[in-house]
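A.B. asks: Prediction below, plus the sequence it came from.
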Amino acid sequence: MYRRLQEFVGLGKESCFLWGARQTGKSTLLRSLFPDSPYYDLLLSDEFERLNRRPKIFRDELLSGLKHKGLPIIVDEVQKVPILLDEIQWLIVNHNLQFILCGSSARKLKRGHGNLLGGRAIRYELYPLVYKEIPDFNLMHALNSGLLPRHYAHESPERLIKSYVGDYLKEEIMAEALTRNIPAFGRFMEASAFSNGEIVNYNNIASECGVSAPTVKEYFQILEDTLIGRFVPSFQKRPKRRVILAPKFYFFDVGLANYLLKRGTIVDRSEAFGKAFEHFICQEIFAHRHYCGKDYSISYWRTASQLEVDFILGDHELAIEVKGAHETQGRHLKGLRAFQEEYKVKRAIVVSLDTRIRKTDGIWIYPWKDFLDELWSGALI
């Protein structure tokens, strides 16, 4: 149904990690691209039990089998049995086997001093669906349902999203023992939702959750490490004006943020629409950076006097302001104008619901579809 942009062209004989939040479609992608590869799914209780108890079985099976010759060996949810990575490294070094190691979090491996293969494996990441992957893309449906494949494909995914949040708290947090205070973390998830797309104030969130500010920082780190959220740092290169230094935070999927914020149905021309629309563009930019392989920096810019630009890409090559307006006006350009006074910008863009591309005062106004078409074609950065 969806042609995913994350492929493994040029991988050769190298092994790799494929990380991604739960239900982004990692298993589906790997099974479709490598249908004949040996597949170890550690979500299966019996598979987990036998390999966790005796990891040597894994080595014995692969060395005695010839069916996998020339094919990558896939291990799904590899973080569940960290000791398996020692066997995998030995097989790579001594028998030149190739692995694709799939998981939703490297945190357990890092905290347990798990073997990340010492630089022998390339890192890939699968994001929620993006505009270019979806035939007949529907913006309003995307803003309401989110872009996890199962959620986007469903007409009314509210129950699915509710279950997803519950499963995440249970499986990712409790099962991996990332924190012992699950009630406090549950309160944090709700409080942190109000920081979605906003500058993070650790002290305020700590007060709401009844925990310390350092604990809140640790909770945000859990969200980052489990790929449930990401920070956007402040752009601070030689500022003339006084700028805000704290980062902004976004959940990895707009549907998850909608649920946690109890937004209800998002409708055009509402405040919730503007927030969700900005979040959607943020998702597209982060996915583009990874899939295109350019790895440009993504930051935001805000002055103490509240002039702001939503996203600065690269070394101020592209400055992007996202507006849910149907007709962009002069008042929407204040942040970009101020940024242009301080930095030489390759292109300043407002992404909006305007119907045609135009240029005013050196600032481009882009309808969102045109912006995404040019972004994914490589014409912008």
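C.D. replies: Okay, I see it.

A.B. asks: which SS state does residue 305 fall under?
C.D. replies: coil (DSSP: H, G, I helix; E, B strand; the rest coil).

A.B. asks: if I pick the nearest residue to it once chain neighbours are set aside, what's in contact with it?
C.D. replies: The shortest distance from residue 305 to any non-neighbouring residue, by CB to CB, 6 or more residues apart in numbering, is to residue 241 (7.2 Å). The C-beta positions use only the backbone N, C-alpha and C, and glycine is treated the same way. Listed by CB atoms under 8 Å, 6 or more residues apart in numbering, the contact partners of residue 241 are 303-305, 307, 338, 342.

A.B. asks: Distance-wise, check residue 341 relative to residue 354.
C.D. replies: 24 Å (CB to CB, to the nearest Å).

A.B. asks: Those two: which is more packed in?
C.D. replies: residue 354 (18 against 10; other CB atoms under 10 Å).

A.B. asks: wait, isn't the more buried one in contact with residue 369?
C.D. replies: No. Residue 354 is beyond contact range of residue 369, at 10.6 Å (criterion: CB atoms under 8 Å).

A.B. asks: model confidence over the helix or strand where residue 276 lies, on average?
C.D. replies: Following DSSP states H and E, one finds residue 276 within helix 271-292. Average pLDDT, helix 271-292: 96.

A.B. asks: so what does it touch, helix or strand wise?
C.D. replies: helix 139-145, strand 248-251, helix 254-261, strand 298-302, strand 308-313, strand 318-322, helix 368-377 (3 or more CB pairs under 8 Å, 6 or more residues apart in numbering; DSSP states H and E).

A.B. asks: How is the protein partitioned into domains?
C.D. replies: With domains defined by automatic domain parsing, the chain comprises 15-125, 131-377.

A.B. asks: Now tabulate those domains in TSV and tack on distance to residue 6.
C.D. replies: Converted to TSV, the domains of the chain look like this (distance: least, CB to CB, whole Å):
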stretch	distance to residue 6
domain 15-125	6
domain 131-377	6
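
A.B. asks: Nearest to residue 5 among those domains would be which one?
C.D. replies: Nearest to residue 5 among the domains of the chain is domain 131-377; the distance by CB to CB comes to 4.6 Å.

A.B. asks: excluding its backbone neighbours, what's nearest residue 219?
C.D. replies: residue 188 (4.8 Å).

A.B. asks: How about the contacts made by the one you found?
C.D. replies: 205, 209, 211, 216, 219.

A.B. asks: Give the residue spans of the stretch 1-150 of the chain that score low on pLDDT.
C.D. replies: 66-68, 108-116, 118-119 (pLDDT under 70).

A.B. asks: Do a quick rundown of the helices in it.
C.D. replies: Ranges of helices in the stretch 1-150 of the chain, per DSSP state H, counting those that start in this stretch, are 26-33, 45-53, 56-64, 84-95, 107-111, 139-145, 149-152.

A.B. asks: Run the angle between the second one and helix 56-64 for me.
C.D. replies: With axes from the mean of the first three to the mean of the last three CA atoms, to 10 degrees applied, the angle from helix 45-53 to helix 56-64 works out at 100 degrees.

A.B. asks: which residues sit against helix 45-53?
C.D. replies: By CB under 8 Å, 6+ apart, helix 45-53 touches 40-42, 57-58, 80-81, 83-84.

A.B. asks: right, and the pair among the residues you listed with maximum separation?
C.D. replies: Going by CB to CB, the pair spanning the contacts of helix 45-53 furthest: 41 and 83, at 17.3 Å.

A.B. asks: Residue 63: neighbouring residues, count only.
C.D. replies: Applying other CB under 10 Å, we find 12 residues neighbouring residue 63.

A.B. asks: if I read this right, it contacts residue 95, doesn't it?
C.D. replies: Yes. Counting by CB under 8 Å, residue 63 touches residue 95, with 6.9 Å between them.
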